[in-house]
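[1] have a look at this prediction, sequence included:
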Amino acid sequence: MPYYRAVGEIPHKRHTQFRQPDGSLYAEELMGQEGFSSDSSLLYHRYLPTAISSSQEYVPSGADPQPNHPLKPRHLRTHKLDSGGGDAVMGRRPLLSNADCRISYAVADTPSPLYRNAIGDECLYVEDGSARVETSFGALDVVAGDYLIVPMSTIYRIVPTGDSPLRTLVVESTGHITPPKKYLSVRGQYLEHSPYCERDIKGPTEPLLAEGSDVDVYVQHRGRGASTIWTRFTYAHHPFDVVGWDGHLYPWVFSIHDFEPITGRIHQPPPVHQTFAGPNFVICSFVPRKVDYHPDSIPVPYNHHNVDSDEVLFYTGGNYEARKGSGIEQGSISLHPSGFTHGPQPGAPERAIGVDYFDELAVMVDTFRPLELCEGALACEDTGYAWTWNRPPTD
């Protein structure tokens, strides 16, 4: 994160004696990125964060992804993946993946186990429901429309809190997810043209102190080559024993409803919607907004082909004018791969003329390497979507 936070009790100087009430030293932990040459935080534990009593192999279920072959656009109906219960970590259903990221969907009504992703940062978008996210840095409450950014190797768990199931779209990266550099000054401050700023960001405000012994933590980490493997650690003491921390590295929340859209006289290109940047991918937000005001404008997108990217769009609210007649609904995901020109459905450009406001809410992930199809995608695909541009216009 581009700005500093301090939470709880910390010593006046870093790397100096900081003692507990019984006179023993707190255990200082430096958590840092890029070989301690980038963002970091210092955490102060009651117990040693290194003390484990067990390390066991854990093998999650799931099949290997397969190429999008034959090449075609896809429509995934994620609400078909609803099940009889689960949690927001172990219950994730992988949909799409490549060497840089994996996109999953989860429907949860029970607390997750403690979990650490040692491969990269995670971005969780809350489609519906609410939850309390407990972390070593403290707790964060999330509701529908919130993005949650969890730094690599943060230990956390997700506890649903609402009456309805918690629905999340999850992007797991193989690196770091940050605000786009184009929105930041050389010193890391959000610039005036940025569609959001520091005031819109929520971070932990107080320590989350938990007691316990022999506590399991599931760790997703790197295997051979690009493979992912899992281990279950048993910690001697509960890892949520941090009395204070400070630094620039911590989990944070940003609401899509605080994204200020950038509009123009004619239709604006997708980069104006960018919200986050990851390794070889970007995440964008499409929000309700005034649209094109040139007298001859056509508010829906033109046919387009992003030759370097696969485009994933998650429809999470409102009405998406360009997709009318395609079968797109709440919770739908469209995949428009590189090698395929896509655009509005037949009739959409004419219908849009004269419209001055779009009431739509969507999250887009553009990847710069091809995405493969995971078992969750194959389980909820609308196999007729690819042919919807070859139909008569819809009124």
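    Received the coordinates, thanks.

[2] switch to C-alpha atoms for all contacts and neighbour counts from now on
    OK.

[3] residues contacting stretch 8-25, please?
    Contacts to stretch 8-25, defined as Cα atoms under 8 Å, 6 or more residues apart in numbering, come from residues 26, 28, 44, 46, 206, 207, 243, 244, 245, 246.

[4] check contacts around the residue nearest the centre of the chain.
    Per Cα atoms, centre = their mean, the C-alpha nearest to the average position across the chain is that of residue 123, at 1.9 Å. By Cα under 8 Å, 6+ apart, the residues touching residue 123 are 147, 148, 149, 150, 170, 171, 172, 177.

[5] burial check on the fifth one, number of neighbours?
    Residue 170 is flanked by 25 other residues according to other Cα atoms under 10 Å.

[6] doesn't it belong to a strand?
    Yes: the assignment for residue 170 by DSSP: H, G, I helix; E, B strand; the rest coil puts it in a strand.

[7] ok, it - contacts?
    Under the criterion of Cα under 8 Å, 6+ apart, the neighbours of residue 170 are 102, 103, 104, 105, 106, 122, 123, 124, 125.

[8] just checking, which of those residues belong to strands?
    102, 103, 104, 105, 106, 122, 123, 124, 125 (DSSP state E).

[9] ok, back up a step: next, format the contacts of stretch 8-25 as TSV and append pLDDT.
    As requested, those are arranged in TSV below (pLDDT from 0 to 100):
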residue	pLDDT
26	98
28	98
44	98
46	98
206	97
207	96
243	98
244	98
245	98
246	98
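
[10] can I assume residue 172 is in contact with residue 122?
    Yes: applying Cα atoms under 8 Å, one finds residue 172 in contact with residue 122, separated by 4.6 Å.

[11] in terms of neighbours, single out the busier of these two.
    Using other Cα under 10 Å as the criterion, residue 172 and residue 122 rank with residue 122 on top: 27 against 23.

[12] what is that one paired to in the beta sheet?
    residue 150, residue 172 (DSSP bridges).

[13] do residue 29 as well
    Under the criterion used (DSSP bridges), residue 29 bridges to residue 43.

[14] hmm, back to that, need the contacts of residue 170 in JSON lines with distance to residue 160, can you?
    As requested, those are exported to JSON lines (distance: Cα to Cα, whole Å):
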{"residue": "102", "distance to residue 160": "23"}
{"residue": "103", "distance to residue 160": "20"}
{"residue": "104", "distance to residue 160": "18"}
{"residue": "105", "distance to residue 160": "15"}
{"residue": "106", "distance to residue 160": "12"}
{"residue": "122", "distance to residue 160": "18"}
{"residue": "123", "distance to residue 160": "17"}
{"residue": "124", "distance to residue 160": "14"}
{"residue": "125", "distance to residue 160": "14"}
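
[15] which one of these is nearest to residue 154?
    For the contacts of residue 170, the residue nearest residue 154 by Cα to Cα is residue 122; the value is 9.9 Å.

[16] ok, the closest one to residue 157 distance?
    Applying Cα to Cα, to the nearest Å, the value for residue 122 to residue 157 is 13 Å.

[17] could you do residue 355 as well?
    Residue 355 is 44 Å from residue 157, by Cα to Cα.

[18] neighbour count winner among those two?
    residue 157 (21 against 15).

[19] for the more buried one, which non-adjacent residue is spatially closest?
    residue 114 (4.9 Å; Cα to Cα, 6 or more residues apart in numbering).

[20] list the buried residues in stretch 68-78.
    68, 73, 74, 75, 76, 77, 78 (16 or more other Cα atoms under 10 Å).

[21] now these in CSV, with distance to residue 299 and secondary structure?
    Output for the buried residues of stretch 68-78, formatted as CSV (distance: Cα to Cα, whole Å; DSSP: H, G, I helix; E, B strand; the rest coil):
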residue, distance to residue 299, secondary structure
68, 31, coil
73, 23, coil
74, 24, strand
75, 23, strand
76, 25, strand
77, 26, strand
78, 28, helix
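
[22] what helix or strand is residue 377 on?
    Using DSSP states H and E, residue 377 sits within helix 375-380.

[23] partner strands of the strand or helix carrying residue 139, parallel or antiparallel?
    Here residue 139, judged by DSSP H and E, is contained in strand 138-143. Paired with strand 138-143 in the same sheet, following DSSP bridges, are strand 130-135 (antiparallel).

[24] just the residues contacting the strand it pairs with, thanks.
    139-144, 154-162, 166, 208, 240.

[25] repeat that for stretch 187-196.
    Taking Cα under 8 Å, 6+ apart as the rule, stretch 187-196 contacts 2, 3, 183, 184, 185, 197, 198, 258, 259, 260, 261, 262.

[26] using the three-state scheme, assign residue 112.
    coil.

[27] what's the neighbour count on it?
    19.

[28] quick check: it vs residue 85, distance?
    Taking Cα to Cα, one finds residue 112 at 11 Å from residue 85.

[29] one step back: can I get the contacts of residue 123 in CSV including distance to residue 278 and pLDDT?
    Listed next are the contacts of residue 123 as CSV, based on distance: Cα to Cα, whole Å; pLDDT from 0 to 100:
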residue, distance to residue 278, pLDDT
147, 14, 98
148, 14, 98
149, 11, 98
150, 13, 98
170, 13, 98
171, 10, 98
172, 10, 97
177, 4, 98
